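Colleague: could you work out the structure for the sequence below:
(chains A and B)
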Amino acid sequence: MLAVEANNVTKVFGSIHALDGLSFSVKPSEVFGLIGPNGAGKTTALRIVSTLLLPTSGTVKVFGHDVVQEAADVRKIISYLPEEAGAYRYLSGWEYLEFMAKFHTSDKAEARKMVIEAAEISGLGERLKDKTKTYSKGMKRRLLVARALMPKPKLAILDEPTSGLDVLHSYHVREIIKSYVKRHGVTVLLSSHNMLEVEYLCDRVALINKGRIVAEGEPKELKEKFRGTNLEEVFAKVVKLA
Amino acid sequence: MLKGFGNFLLKELKELVRDPKILLGMIIVPLLMFPVLGGVISYATQSAQERATKATIIVVDNDGGYWARNFTASLKKANVRIFIENNTVLDNENITKLLSKYNATQILEIPRGFNDTINAYISGQKANITLRFYGVMIGPSAFESISSSVIDALVSKFNREVAPDVLTVEKSAIIKGEVKHGVDPAVLSGLLMSQSIALPITIMILLTYSVQIAATSVAMEKEEKTLETLLTLPMDRLSILLGKLSSSIIVAAVGAVAYMAGYSYLMGSAMSGIPAGVNLDLAALGLAPSLYGYLLLGLSLFVTMLSALALAVIMSAFAEDVRSAQSFVGYIYPLIFLPSFALIYLDINTLPLAIRILFYVIPFSHPIIASKAVLMGDYWTAAFGIIYVSAFTIIVMYAASRLFATEKILTAKIRFKRIRKRGEKTAEELQ
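Modeller: Model prediction:
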């Protein structure tokens, strides 16, 4: 069974076709990257997979569950990290993680275990006792990535996980994703502008432009096919061709 | 002059004036609301005065002498519509019979010995006599005292023309069919009013606070970018809505208790200056709500708060940030302020039908209407209000739950300009 199966998905906002026949599939336990320029439709695609938006046409299935018909079932097995997510300002980092853990389990011991693990992967240490309004952007993002991964979802959907972060925080977040995800066999669907990041993290990538997939494959495969030294070059060539 | 101040001020004013939400909420709404309020109050004052001057008074003439007839004639001259009855003992039973016979609300008794007393006064003896006035207490309203003042004016006119201080009036109120001797309906009405001001004001503040809290909490989820995460969690989306509503009610209720504590202290200080004559025990007069009345009032307040909160949640769902949400819910305020202010002064039953219907349609009028109704033992009005507001709340809650169940909670936005291009703008932002 595929982790994600998107078939001919369109999404129309007024006169804008944000997605125009988008199709891709993600295998279980792989890290799959959607890459594309601003306005290509990456966030819209991720929002549809995470049941926030409804497709205008086409179907999306997550581990066999339709995101429209079985949205509640999908929400039980996914975890979504929006690009511009925030945390509750007047809760401490620890309280925020506790609040989120309680949605995934009603067992107190299990929730506590989840929070302890999240605290560890966030690397925030004692600062978790402070209110999140005192966190830097990087710290907040680390907290949110830890929150997204702590329930060990079958599918983690990460929209620009390192967007706007400095080198050190980006490095930390990438390491979290790389190690934690592989260790627990979590499938990841992520979007990113950062081609180096995508190359480092993803098993396979899809290049998206104007709401359509224009190329798909392993980073190595794509570099060979389009004769690029890195994914950035591949991306530029593919977009020009498209 | 501070460097850059003028330039900055100009920019601020441009931004504020060009924001249609502020223009509507801060300028146009008050400009419309207060004239409407003024119109309603002035109409009510006029009609109460007209009613008072055209009042029907049953004059029970138990004397029958020259001066009694003279006094009755002076009432007629003052354009007061009167019915005359002779030799009737004014006990509870007779009072009720007379009031229903003439469909009137006031009785004035000229006692036996009236003629002799005045003649004695004129011949130089020291004498005076007391007329008895009975007025039916309808409910707390600023204009309830007008009819009682008309009698005062007529008596002092008679005193001026015939003999100073020969006549005095003893007033009694008829409350729920019972005569309460020595209770002036005007004073009682004033006292009830001063007490009944507290409730509309508290309701107004409670509703305004809770509406603000609910709107802000929904808008904060959007502004702080926490709503998207919340909507993808394995939870019932109705829980988000109900959680927001319940927390707003709790916070607003705590605020209301604190407010009422402060307010009652203020009222206590203000009342301590009132003369002892006004010290009436409302509970003993049957003018304090019963336990059942309090229950109905509490229920009415609760469903009304729910309706306001649900409305605020729906409206703020269309806002992108806290500022827009607060501007949106600003449109609910006239609907809260208008009945609160107006019903402090007015008795809804004395208003013209169209205005009465308008007040009944506004859900936020009902706790105030209920508070006056239960005081007079009219539980049906309170109960119907609760049924109406509950139905209104269910419809609004259903709409709110539908909104939370779909993508509209993320994509719905109201723009005053470029409404036709709303789809385009939303799409740009979503990508």
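Colleague: show me what contacts the residue nearest the centre of chain B?
Modeller: Closest to where the C-alpha atoms of chain B average out (CA atoms, centre = their mean) is B:Leu343, at 2.3 Å. Taking CB atoms under 8 Å, 6 or more residues apart in numbering or on different chains as the contact definition, B:Leu343 lies against B:Pro200, B:Phe359, B:Ser365, B:Ile368, B:Ile369, B:Lys372. (C-beta placed from N, C-alpha, C; glycine too.)
Colleague: show me which of these neighbour chain A.
Modeller: Among the contacts of B:Leu343, no residue is within reach of chain A (CB under 8 Å from any CB of the partner chain).
Colleague: of these, closest to B:Phe302?
Modeller: Ranked by distance to B:Phe302 (CB to CB), these are led by B:Ile368 at 14.4 Å.
Colleague: the strands in chain A, which residues?
Modeller: All strands of chain A, identified by DSSP state E, fall at A:4-13, A:16-26, A:31-35, A:57-62, A:65-66, A:78-81, A:155-159, A:187-192, A:204-209, A:212-217.
Colleague: mean pLDDT and distance to chain B added to those strands, as TSV?
Modeller: TSV is the format used below for these (pLDDT from 0 to 100; distance: least, CB to the nearest CB, whole Å):
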stretch	mean pLDDT	distance to chain B
strand A:4-13	94	3
strand A:16-26	92	4
strand A:31-35	93	12
strand A:57-62	96	11
strand A:65-66	96	12
strand A:78-81	95	4
strand A:155-159	95	8
strand A:187-192	92	11
strand A:204-209	92	11
strand A:212-217	91	13
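Colleague: closest to B:Glu320 out of those?
Modeller: Once those are compared by CB to CB, strand A:4-13 is nearest, at 15.6 Å.
Colleague: what angle do that closest one and strand A:16-26 make?
Modeller: 180 degrees (axes from the mean of the first three to the mean of the last three CA atoms, to 10 degrees).
Colleague: helices and strands around strand A:4-13, which ones?
Modeller: strand A:16-26, helix A:42-49, strand A:57-62, helix B:422-430 (3 or more CB pairs under 8 Å, 6 or more residues apart in numbering or on different chains; DSSP states H and E).
Colleague: surely B:Phe83 is within a helix?
Modeller: No - the assignment for B:Phe83 (DSSP: H, G, I helix; E, B strand; the rest coil) gives strand, which keeps it out of a helix.
Colleague: any idea how far it is from chain A?
Modeller: 70 Å (CB to the nearest CB, to the nearest Å).
Colleague: could you count how many residues lie near that residue?
Modeller: 14 (other CB atoms under 10 Å in any protein chain shown).
Colleague: correct me if wrong: it contacts B:Ile58.
Modeller: Yes - checked against CB atoms under 8 Å, the pair B:Phe83 and B:Ile58 is within contact range at 5.0 Å.
Colleague: spit out the residues that contact the two alike.
Modeller: B:Tyr102, B:Ala104.
Colleague: who are the contact partners of the residue lying closest to B:Leu301 once chain neighbours are set aside?
Modeller: In this structure, B:Leu301 finds its nearest non-sequential neighbour in B:Pro367, 4.6 Å apart by CB to CB, 6 or more residues apart in numbering or on different chains. Residues near B:Pro367 by CB under 8 Å, 6+ apart: B:Leu199, B:Ile203, B:Leu297, B:Ser300, B:Leu301, B:Thr304, B:Gly385.
Colleague: any buried residues in the helix or strand containing the fourth one, and which?
Modeller: Right, B:Ser300. Using DSSP states H and E, B:Ser300 maps to helix B:291-317. Buried residues in helix B:291-317, counted by 16 or more other CB atoms under 10 Å in any protein chain shown: B:293, B:296-297, B:299-317.
Colleague: name the next helix or strand downstream of that helix, please.
Modeller: Next in sequence after helix B:291-317, counting helices and strands by DSSP H and E, comes helix B:322-329.
Colleague: packing partners of that next one?
Modeller: With 3+ CB pairs under 8 Å, 6+ apart as the test, helix B:322-329 has helix B:20-22, helix B:185-223, helix B:291-317 packed against it.
Colleague: can you redo those helices as JSON lines with mean pLDDT?
Modeller: Compiled in JSON lines, the helices and strands packed on helix B:322-329 are given as follows (pLDDT from 0 to 100):
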{"stretch": "helix B:20-22", "mean pLDDT": "66"}
{"stretch": "helix B:185-223", "mean pLDDT": "78"}
{"stretch": "helix B:291-317", "mean pLDDT": "85"}
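Colleague: can you lay out those helices as JSON lines showing distance to A:Tyr171?
Modeller: Formatted as JSON lines, the helices and strands packed on helix B:322-329 follow (distance: least, CB to CB, whole Å):
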{"stretch": "helix B:20-22", "distance to A:Tyr171": "44"}
{"stretch": "helix B:185-223", "distance to A:Tyr171": "30"}
{"stretch": "helix B:291-317", "distance to A:Tyr171": "39"}
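Colleague: alright, calling it a day.
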